[in-house]
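Enquirer: Generate a structure from the sequence data that follows.
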Amino acid sequence: MNAVEIESAISDLALLPFDPTEFPYLFLQAFGNKETALKRLRTGNNNTSDVARGVLQRNNIHIAVCEVGAVGATLNVLRASSATTKAKAKFILATDGQTLEAEELVSGETVTCAYTDFPNHFGFFLPLAGISTIKEIRDNPIDVRATGRLNKLYVELLGENPEWAKADRRADMNHFMARLIFCFFAEDTDIFDGDGLFTKTVEQMSERDGTNTHDVVSEIFRAMNVKLSDRDTVQPRLPTWANAFPYVNGGLFSGSTEVPRFTRMARTYLSHAGNLNWKKINPDIFGSMIQAVADDDERGALGMHYTSVPNILKVLNPLFLDELRSQLNDAGDNKIKLLNLRKRMAHIRVFDPACGSGNFLVIAYKQMREIEAEINRRRDELHLGSEIPLTNYRGIELRDFPAEIARLALIIAEFQCDVLYRGQKDALLEFLPLNTQNWIICGNALRLDWLGLMDADRTGVKLVADDLFGTPLNQTEIDFENQGGETFICGNPPYLGSTWQSAEQKDDLKAIFGHRCKNWKSLDYVAGWFMKAADYIEKTKAVVAFVSTNSICQGQQVPILWPLIFSTGNKIVFAHTSFKWANLASHNAGVTVAIVGLSSQTKALGRLYSIANSSEADVVDVKDVEYINAYLVSGSNVMVEKASRPYGELTEMLRGNMPYDGGHLLLSRDELNALGLTREQHARFIRRIYGSAEFIRGLERYCLWIEDCDLDAAMHIAAIRQRIEGVRAMRLASPDKGANDMAAYSHQMREKNIGMKHTIVMPCVSSEDREYLPAGLIDNNSTITNLAFALYDAPLWNLALMASRVHLVWIGTVCGKMKTDFRYSNTIGWNTFPVPLLTEQNKVDLTACAEDILLAREAHFPATIAELYNPERMPDNLRRAHERNDEVLERIYIGRRFKNDTERLGKLFELYSKMAVATTKPSTKTTRGKKAA
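Expert: Below you'll find the predicted structure:
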């Protein structure tokens, strides 16, 4: 469940008559618990509560219903309960049906409220559904509630008016919703004269069954498009009750005032939405969340689009806000310096070419207004209006509804800032009528000419639309005030890896990269925005910062994209290395992103931000560096290239054996048993075989392993002979001549490598959730498939390197990911891995570390690698063995532990740069193991 669904379920629960027996289960159900889980709790199988009338859900919450007046005492009992501690409950909750109290046990934060008011605190409980709470949601749930109410209204109206769902009417429907949102906000903020004017007028003037609701709303909309001086003469005449509404203009109510027909339920949903307190709406939150309402494909993700303010500020602060605040601090109370800063700010333009519902623009605007207000306070000019025009906050958005919401969100943000910094009276005086200028463009940002939208000489701007809420018709040029200043480009463009791009999106990238390079098809979609921004910066003095999946700074995309960007004269001036960009999805894993800032302007130092090694996910290390390379590492601009053999003393790593057998050489446990082999035959002809899945998850798989000298004996076993003949037929039927040649050796795989003593295994693909790569050891009676890599009979200190944190961050950076999993490569990951010169004592120490890791795993037999390396359940002795290994290895690198992954990568790239230019040739040492003749 998402946050909107949870809020709706909790609100419905609060309206039901209180049932002390059912409340705990209904409460848990509202947070997404399935009926099977609730059934186990009801029967007592999973309920280990030691409190009267208590329900305890392990790792979640301990709930108790009590007698009237005993809520506080019951909460104390829950807190002291040994069952609460043993079950690792995150929350405790007590209620008597009149009062409700709850506590988050880790933080100690509490909620105390009337029972009917507890839906107002639903954000407090979101972790029960696996949703990381966001401060803005917890403090003010209006945005989630408004999204849910409007979504219900939208769906009901489309059901009654299916023609409005068609492509030619969808823009009308979206425009209607934008008008409604404005009315709800205006009636709660005194923009409309009277308490709840819009909602109450609709309720009073329309029939309960909804039959004439569309006529009432249409007349209200029509009134707001007629100047007060013209209302006596307009035809048809406006109803008296409609004259209470002001003239709004701005294109919001111009054009058709047709309204979809309402049902009784739609009218009810409108009332429910209007009766919320829209004065508290946060335009940055609300706009982001509601953009899914009008998109059938996205509605399943309703309420999940919200990006927290701290994440947005990770982009905006280093882009330009930190510098403005620094200038404000340096100015002190010097009125001339303060005036100059205010003038500079009035000329700054913020441009988001993938603006969605405008949250980056809204946050930028609000932050700028805050700085401006402080300037006015220090200059004793609090009475002044703002010199920062909304038209300096510009965006491009592909879909029309988010584009409309973005404009509306900025209008609301401007009004709220005016109220905050100038007072309600002055804010109202200047709010209406709305300005007719349009600065959010609906179109494809990768096809539009950004220089045409914002001229390189920065004296004007070309805009697609002729009024604030008009649909794009043709280009018109409007000269706004306050031009000629700086431009800062920001945003969170769509990522979309190459596999997931539509044909149209592929064409978008082709238009940008097709004439620049041949292998552009491997690029993520977001690369198009970086290239467009680099081209724009080449002709201007703009600075850009985008959020992107970190994949464009990893693996194969680096040598494709970044040489093109650097060739435009841009460099990376700041970056935030990998972190989770979370949303409000249930059990949300988010997506791993990076933030990259580009500029052609020369600065002495770049700034590198990274998550610290801390239990606090928002603790950030900041480091000033001379250069940030394409991998977002402090170091020279190197591109890691494939190497045919490892440098130094590392053992050669080979891909495992490819069966190329049509499934005939590989056996499950049941298929093996069906062969009916004797113990001697089993030992002679069968080997355990591992690919990535078998090694990590402990799956049983076997293979026929027949030496040439044993072929005659094997062919006397009918079941084995049948399988060998199946391989022969498959290879002969192949169109590949090499496969045809292999038919002569149908009792063997294409390769036939096996360690004489042991084999060190590295799966090709493994989960990003693990803290270490799942390298390990198998015996000389086992082998591996081509879905894993092998070091045959290698010294064990190689395993210590492979199982280290240092190696994991190198692989994650230079090899990249498959979806979100680590994708290992021997040629670009292992062969390029920079290792300092190891002394014999270093090798002894690392060998001991590898043995300790293997012994720690063995102590938990038959636990699998997947079970042992689950980050939440990793055994203490195994974790200590890895930490010891990391300490030993990292002291070899720098004499101490690394502070974080950013420092690890910095040292690795420093070594790689030296290694890449070294005159010594790569080692030719190799131990390939025993190979079939």
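
Enquirer: Which helix or which strand is home to Tyr247?
Expert: Using DSSP states H and E, Tyr247 falls within no helix or strand.

Enquirer: so where's the stretch 701-850 of the chain uncertain?
Expert: Low-confidence segments of the stretch 701-850 of the chain (pLDDT under 70): 817-820.

Enquirer: let's see 90
Expert: Along the stretch 701-850 of the chain, segments meeting pLDDT under 90 span 736, 738-739, 750-752, 765-769, 812-813, 815-823.

Enquirer: Do a quick rundown of the helices in it.
Expert: 711-715, 718-733, 737-742, 797-802, 805-814, 840-858 (DSSP state H, counting those that start in this stretch).

Enquirer: Which among those is found nearest to Arg669?
Expert: helix 718-733 (15.0 Å; Cβ to Cβ). Every C-beta, even on glycine, is put in place using the N, C-alpha and C of the backbone.

Enquirer: how about the helices of the stretch 701-850 of the chain in CSV, adding distance to Thr832 and mean neighbour count?
Expert: Listed next are the helices of the stretch 701-850 of the chain as CSV, based on distance: least, Cβ to Cβ, whole Å; neighbours: other Cβ atoms under 10 Å:
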stretch, distance to Thr832, mean neighbour count
helix 711-715, 41, 14
helix 718-733, 35, 16
helix 737-742, 29, 13
helix 797-802, 13, 25
helix 805-814, 7, 23
helix 840-858, 19, 17
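
Enquirer: closest to Val111 out of these?
Expert: helix 805-814 (39.6 Å).

Enquirer: And that closest one, what does it pack against?
Expert: strand 821-823, helix 876-894, helix 901-917 (3 or more Cβ pairs under 8 Å, 6 or more residues apart in numbering; DSSP states H and E).

Enquirer: Can you show me the helices along the stretch 151-300 of the chain?
Expert: So, for the stretch 151-300 of the chain - with DSSP H, counting those that start in this stretch - the helices run 167-188, 197-205, 213-223, 264-274, 283-290.

Enquirer: between the second one and helix 213-223, what angle do the directions make?
Expert: Spelled out, that is helix 197-205. Helix 197-205 runs at 140 degrees relative to helix 213-223, counting by axes from the mean of the first three to the mean of the last three Cα atoms, to 10 degrees.

Enquirer: The longest one now?
Expert: Direction vectors for helix 167-188 and helix 213-223, defined by the same axes, to 10 degrees, enclose an angle of 70 degrees.

Enquirer: ok, Gly443 to Thr577 distance?
Expert: Per Cβ to Cβ, to the nearest Å, Gly443 is found 33 Å from Thr577.

Enquirer: ok, these two, which is more surrounded?
Expert: Each of Gly443 and Thr577 has its neighbours counted (other Cβ atoms under 10 Å); Thr577 has more, 25 against 17.

Enquirer: The more buried one belongs to a helix?
Expert: No: assignment of Thr577 by DSSP: H, G, I helix; E, B strand; the rest coil gives strand, placing it outside any helix.

Enquirer: my read: it touches Ser610, true?
Expert: Yes: using Cβ atoms under 8 Å, Thr577 makes contact with Ser610 at a distance of 4.4 Å.

Enquirer: which residues are common contacts for these two?
Expert: Contact criterion Cβ atoms under 8 Å, 6 or more residues apart in numbering; residues shared by Thr577 and Ser610: 901-902.

Enquirer: Straight-line length of stretch 328-339, end to end?
Expert: 10 Å (Cα to Cα, to the nearest Å).

Enquirer: Now do it: everything it contacts.
Expert: Residues from elsewhere that reach stretch 328-339 (Cβ under 8 Å, 6+ apart): 327, 341, 371, 374-375, 378-379.

Enquirer: Closest one of these to Asp209?
Expert: Nearest to Asp209 among the contacts of stretch 328-339, with distances taken as Cβ to Cβ, is Ile371, at 52.4 Å.

Enquirer: what's downstream of the helix or strand harbouring that closest one, the next helix or strand?
Expert: Take DSSP H and E as the rule and Ile371 turns out to sit in helix 359-378. Next along the chain after helix 359-378, taking DSSP H and E as the criterion, comes strand 393-397.

Enquirer: In a markdown table, list the helices of the stretch 151-300 of the chain along with mean pLDDT, distance to Ala916 and mean neighbour count.
Expert: Below are those laid out as a markdown table (pLDDT from 0 to 100; distance: least, Cβ to Cβ, whole Å; neighbours: other Cβ atoms under 10 Å):
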| stretch | mean pLDDT | distance to Ala916 | mean neighbour count |
| --- | --- | --- | --- |
| helix 167-188 | 91 | 54 | 20 |
| helix 197-205 | 96 | 68 | 19 |
| helix 213-223 | 96 | 67 | 21 |
| helix 264-274 | 95 | 62 | 20 |
| helix 283-290 | 79 | 44 | 29 |
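
Enquirer: which stretch among the ones you listed comes nearest Ala354?
Expert: Ala354 lies closest to helix 283-290 among the helices of the stretch 151-300 of the chain, at 12.8 Å (Cβ to Cβ).

Enquirer: coming back round to it: can I get the helices of the stretch 701-850 of the chain in CSV with distance to Asn161?
Expert: Shown next, in CSV, are the helices of the stretch 701-850 of the chain (distance: least, Cβ to Cβ, whole Å):
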stretch, distance to Asn161
helix 711-715, 73
helix 718-733, 59
helix 737-742, 61
helix 797-802, 62
helix 805-814, 50
helix 840-858, 63
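
Enquirer: right, so of those helices, which gets closest to Thr99?
Expert: helix 805-814 (49.4 Å).

Enquirer: Contacts made by the closest one with the rest, please.
Expert: 553-555, 631, 633, 640, 768, 771-773, 801, 822, 824-825, 828-829, 832-834, 882, 886, 889-890, 893, 898, 901, 904-905, 908.
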